[in-house]
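Colleague: Curious how this folds, go ahead:
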Amino acid sequence: MTNRTDQVKALANDTRLEMLRLLDEPGVHFSKQESADPVEMGVCVQFLAEHFGVSQPTMSRHVEVLRRSEFLVTKRHQNWTYCSRNEPALADYAEWLKGTLNIKGI
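Modeller: Numbering: from 1, shown residues only. All right, here's what the predicted structure looks like:
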């Protein structure tokens, strides 16, 4: 079952919000990734770490928070972890937030 508190906390971080924004168009933002197609496979955690100028363990922690909140899907390929957005989970969260806050006209 989805834990909405975890989801709210996951999005209460600028780095994680920006990660989700960038992963909306992985082919545009991570076109230099050669190990796997960023659109089909996702973006390697190492590329995300380099983009944000943080260590790989720090980025892995951000990835784990987003994965646990169901906003990211991860795949292992060889020695690397690749991330992509979980669009159904993001849409579900947006609908829940809209209903919870009684937002009209969106």
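Colleague: All the helices of this structure, residue numbers only.
Modeller: 4-10, 14-22, 26-29, 45-52, 56-68, 87-100 (DSSP state H).
Colleague: For Q78, grab phi and psi.
Modeller: Main-chain dihedrals, Q78, degrees, to the nearest 10: phi 60, psi -120.
Colleague: Now do it against N3, distance only.
Modeller: Here the criterion is C-beta to C-beta, to the nearest Å. By it, Q78 lies 31 Å from N3. For every residue, glycine as well, the C-beta is placed using N, CA and C.
Colleague: before we move on, what about G99?
Modeller: For G99 relative to N3 (C-beta to C-beta), the value is 17 Å.
Colleague: Just want to know which of the two has more residues nearby.
Modeller: Ranked by neighbour count (other C-beta atoms under 10 Å), G99 and N3 place N3 first, with 12 against 9.
Colleague: can you pull the contacts of that one?
Modeller: Residues in contact with N3, defined by C-beta atoms under 8 Å, 6 or more residues apart in numbering, are S69.
Colleague: Tell me the confidence at it?
Modeller: As predicted, N3 sits at a pLDDT of 89.
Colleague: now do the one 5 residues further on
Modeller: Here the pLDDT value assigned to V8 is 95.
Colleague: now do K104
Modeller: For K104, the model assigns a pLDDT of 76.
Colleague: residues making contact with stretch 83-101?
Modeller: Contacts of stretch 83-101 (C-beta under 8 Å, 6+ apart): 2, 4, 7, 19-20, 23-24, 26, 41-45, 48, 63, 66-67, 69-75, 103, 106.
Colleague: Sort out which of these are buried, if you could.
Modeller: 7, 19-20, 23, 26, 41-45, 48, 63, 66-67, 69-72, 74 (16 or more other C-beta atoms under 10 Å).
Colleague: hmm, back to that, any chance of the helices of the chain in a markdown table with distance to A36 as columns?
Modeller: Formatted as a markdown table, the helices of the chain follow (distance: least, C-beta to C-beta, whole Å):
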| stretch | distance to A36 |
| --- | --- |
| helix 4-10 | 25 |
| helix 14-22 | 16 |
| helix 26-29 | 10 |
| helix 45-52 | 10 |
| helix 56-68 | 16 |
| helix 87-100 | 19 |
